[in-house]
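S.K.: This is the structure alone, sequence omitted:
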């Protein structure tokens, strides 16, 4: 009875309440849920409300400071506040560069924290889009300026941004290797055999094809800017780089239009004709790379023709979500078992299970044999929805740090990020020129695919870090709770209760890195129209995937001979 009185003394009850409160507060929402209302305001076109809500949820000096400036810069761009948008993107670029050079010990310490409590440094493709948006802002300022001196200044600033963008992409290609180098590697017999045996062991994801190496659309956009600035040889280089990237793997990797690849070659050949000195090259390229219809369009093309370049930004990139896993110990098999905890709707459950199966579950021939040997037929069936981590000789080391004892049969919660499948809701985009001719926009880039594939690529690393973080937190929490229980209650039962509470707090605080730049477009489409000088009306019709017309937007253009106008339209 005395023991019970100690357990339920005011001091202990207070301790229980505090522990429960900490456990409740530690389970934070995903990044997307945190700024959901701001995103909804953007969707409605209420940019003032969106900015106000964003500022309430993100700290410009905190861990999310990079995202604060990325999201706010995008809202300012959509609102037409181009100077303010540039300021935010300038700040974002400085922050991203600073975080990239963070010392290794700071990176390691951040891994031990809840990911939401460490600095968000941005993904490689997001950093490329910083310069892209800065260039778009300067293009809009160029269009709005009335004085010729100001127009030249803004166009030059846009050109500087694409130079920076080119430099980033070139550095990326050097670091990750080109598509051509990847193709050469895949042709080697030994590498083919390695790929075969990877698949036999259940490694179905070929990571080489998921790497973000370059950006064909960004290169094409650079070509447009150089051409606008009269730098025709630089434009040719950019268009040709874009065409080769689409051709060598970028188009296939991200599921883009074949005709976008042809468009890039078309513009490469145009620039060859414009600069001169390519008389023996461009006819051969035209014959190899262009369809008969496209070659016919090349013949009457004149430097005096004006051009309207339409760039459509569709939707928003998907938000990263959390996938919960349970890590438990099986001492008799000297192994750990990882299994998904399915939460949400039936469709969401299927998506979570699919992600886990694709990336982690035992599904190779050797895994099946091991599961059969250890668990008979049930082990084989179970292997398809779980991952067995055989420690073998390392079991003794695991025991020495209390890992199996902490995990037990009940296990601990581990949280990793994942993307649900990209179920597109967009149909075709078509343009009417002067109310008569109809043209389809081409899928030039898929930012959603970039994000998804980057997540697939880092899935193994995400899991290893999450396992280590969760295990460390639970071991320390269990040991700390046990010591606190003995000190406070003075009994084994009290120590056990506090140990369980400590472990519960550690599991409740488990969280995944779900942050990403949510106002990036899901997909980018492009159409290039050669037109005569003068006034033209362009109507952009966006359709749902059902074929129903979603939105119509019309804009008028007045062009001088040889002038290029860029229209960037956001369809949210």
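M.R.: Thanks, I have the structure now. Quick caveat: nothing in here was measured; it's all calculated off a predicted structure.
S.K.: switch to C-alpha atoms for all contacts and neighbour counts from now on
M.R.: Noted.
S.K.: how close does residue 428 get to residue 264?
M.R.: Going from residue 428 to residue 264 by CA to CA, to the nearest Å gives 21 Å.
S.K.: In terms of packing, which of the two has more residues around it?
M.R.: residue 264 (28 against 18; other CA atoms under 10 Å).
S.K.: Could you check the pLDDT of the more buried one?
M.R.: What the model reports as pLDDT for residue 264 is 97.
S.K.: Hmm, it is touching residue 247, no?
M.R.: No: using CA atoms under 8 Å, residue 264 is not in contact with residue 247, being 9.9 Å away.
S.K.: Residue nearest the middle of the protein, spatially speaking?
M.R.: The centroid of the chain falls nearest to residue 451 when counting by CA atoms, centre = their mean (2.4 Å).
S.K.: Residue 335: neighbour count?
M.R.: Using other CA under 10 Å, the number of residues around residue 335 comes to 17.
S.K.: With residue 400 instead?
M.R.: Neighbours around residue 400, by other CA under 10 Å: 10.
S.K.: The one 10 residues further on too?
M.R.: As a burial measure, the neighbour count of residue 410 was computed by other CA under 10 Å and equals 11.
S.K.: With adjacent residues omitted, what lies nearest to it?
M.R.: residue 328 (6.3 Å; CA to CA, 6 or more residues apart in numbering).
S.K.: where along this structure do the strands fall?
M.R.: In the chain, the segments counted as strands under DSSP state E are 306-314, 321-330, 335-341, 387-390, 412-418, 426-433, 437-440, 442-445, 523-531, 534-544, 549-559, 564-571.
S.K.: got those strands as TSV, with mean pLDDT and distance to residue 122 columns?
M.R.: TSV is the format used below for the strands of the chain (pLDDT from 0 to 100; distance: least, CA to CA, whole Å):
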stretch	mean pLDDT	distance to residue 122
strand 306-314	97	21
strand 321-330	90	17
strand 335-341	89	27
strand 387-390	82	30
strand 412-418	89	15
strand 426-433	93	27
strand 437-440	88	33
strand 442-445	96	19
strand 523-531	96	19
strand 534-544	95	31
strand 549-559	94	33
strand 564-571	95	23
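S.K.: would you turn those into CSV with distance to residue 272?
M.R.: Formatted as CSV, the strands of the chain follow (distance: least, CA to CA, whole Å):
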stretch, distance to residue 272
strand 306-314, 17
strand 321-330, 47
strand 335-341, 56
strand 387-390, 56
strand 412-418, 45
strand 426-433, 27
strand 437-440, 26
strand 442-445, 22
strand 523-531, 17
strand 534-544, 26
strand 549-559, 24
strand 564-571, 18
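S.K.: Of all these, which one is nearest residue 45?
M.R.: Of all the strands of the chain, strand 564-571 sits nearest to residue 45, with 11.0 Å by CA to CA.
S.K.: Show me what that closest one packs onto, helices and strands only.
M.R.: Contact analysis of strand 564-571 by 3 or more CA pairs under 8 Å, 6 or more residues apart in numbering; DSSP states H and E lists strand 306-314 as its packing neighbours.
S.K.: these two touch, right, residue 466 and residue 412?
M.R.: No: at 11.5 Å, residue 466 does not count as touching residue 412 under the criterion of CA under 8 Å.
S.K.: re earlier: I'd like to know which of the strands of the chain is closest to residue 296.
M.R.: Checking the strands of the chain against residue 296 by CA to CA gives strand 523-531 as the closest, at 13.5 Å.
S.K.: Okay, now the sheet partners of that closest one, with direction.
M.R.: Within its sheet, strand 523-531 is paired with strand 306-314 (antiparallel), strand 442-445 (antiparallel), according to DSSP bridges.
S.K.: How far off centre is it?
M.R.: On the basis of CA atoms, centre = their mean, to the nearest Å, strand 523-531 sits 24 Å off its chain's mean C-alpha point.
S.K.: Tell me which residues are up against that strand.
M.R.: 305-317, 439-448 (CA atoms under 8 Å, 6 or more residues apart in numbering).
S.K.: quick one: low-confidence ranges for the stretch 401-550 of the chain?
M.R.: Counting by pLDDT under 70, the stretch 401-550 of the chain shows low-confidence ranges at 477-510.
S.K.: Sorry, wrong one. I was asking about the stretch 51-200 of the chain.
M.R.: Within the stretch 51-200 of the chain, the ranges that satisfy pLDDT under 70 run 102-113, 172-200.
S.K.: can you give me the helices in it?
M.R.: Under the criterion DSSP state H, counting those that start in this stretch, helices of the stretch 51-200 of the chain are mapped to 65-79, 82-100, 104-111, 124-144, 148-176, 179-187, 189-200.
S.K.: still on that earlier bit, what sits against the residue nearest to the centre of the chain?
M.R.: residue 317.
S.K.: again with residue 433
M.R.: 536, 537, 538, 539 are the contacts of residue 433 under CA under 8 Å, 6+ apart.
S.K.: which of the residues you listed tops the neighbour count?
M.R.: Neighbour counts for the contacts of residue 433 (other CA under 10 Å) peak at residue 538, which has 21 neighbours.
S.K.: ok, what's across the strand from that residue?
M.R.: residue 433, residue 555.
S.K.: Wait, it touches residue 558, no?
M.R.: No: counting by CA under 8 Å, residue 538 sits too far from residue 558 to count as a contact (11.1 Å).
S.K.: joint contacts of the two?
M.R.: Between them, residue 538 and residue 558 share no contacting residue, judged by CA under 8 Å, 6+ apart.
S.K.: okay, now residue 320: neighbour count?
M.R.: Residues near residue 320, counting by other CA under 10 Å: 23.
S.K.: so it touches residue 418, yeah?
M.R.: Yes: Residue 320 lies in contact with residue 418 (CA under 8 Å); the separation is 5.7 Å.
S.K.: Can you tell me the closest non-neighbouring residue to residue 257?
M.R.: Using CA to CA, 6+ apart, the nearest residue to residue 257 is residue 443, at 5.3 Å.
S.K.: check contacts around the one you found.
M.R.: Contacts for residue 443 were tallied using CA under 8 Å, 6+ apart; they are 256, 257, 260, 523, 524, 525, 526.
S.K.: Let's have the residues you listed in CSV, adding distance to residue 293.
M.R.: Formatted as CSV, the contacts of residue 443 follow (distance: CA to CA, whole Å):
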residue, distance to residue 293
256, 20
257, 17
260, 15
523, 27
524, 24
525, 21
526, 19
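S.K.: Looking at these, point me to the pair that's furthest apart.
M.R.: Pairwise over the contacts of residue 443, using CA to CA, the maximum falls at 260 and 523, 13.7 Å.
S.K.: Neighbour count for the two, which is higher?
M.R.: Neighbours per residue, other CA under 10 Å: of residue 260 and residue 523, the larger number sits with residue 260, 26 against 22.
S.K.: any idea how far that one is from residue 442?
M.R.: Distance from residue 260 to residue 442, counting by CA to CA: 6 Å.
S.K.: just to revisit the earlier point, highest mean neighbour count out of the strands paired with strand 523-531?
M.R.: Sort those by mean neighbour count, taking mean count of other CA atoms under 10 Å, and strand 442-445 sits at the top with a mean of 25.
S.K.: Hmm, residue 539 and residue 440 touching each other?
M.R.: No: if you go by CA under 8 Å, residue 440 and residue 539 don't touch, sitting 11.7 Å apart.
S.K.: Right, I'll leave it there.
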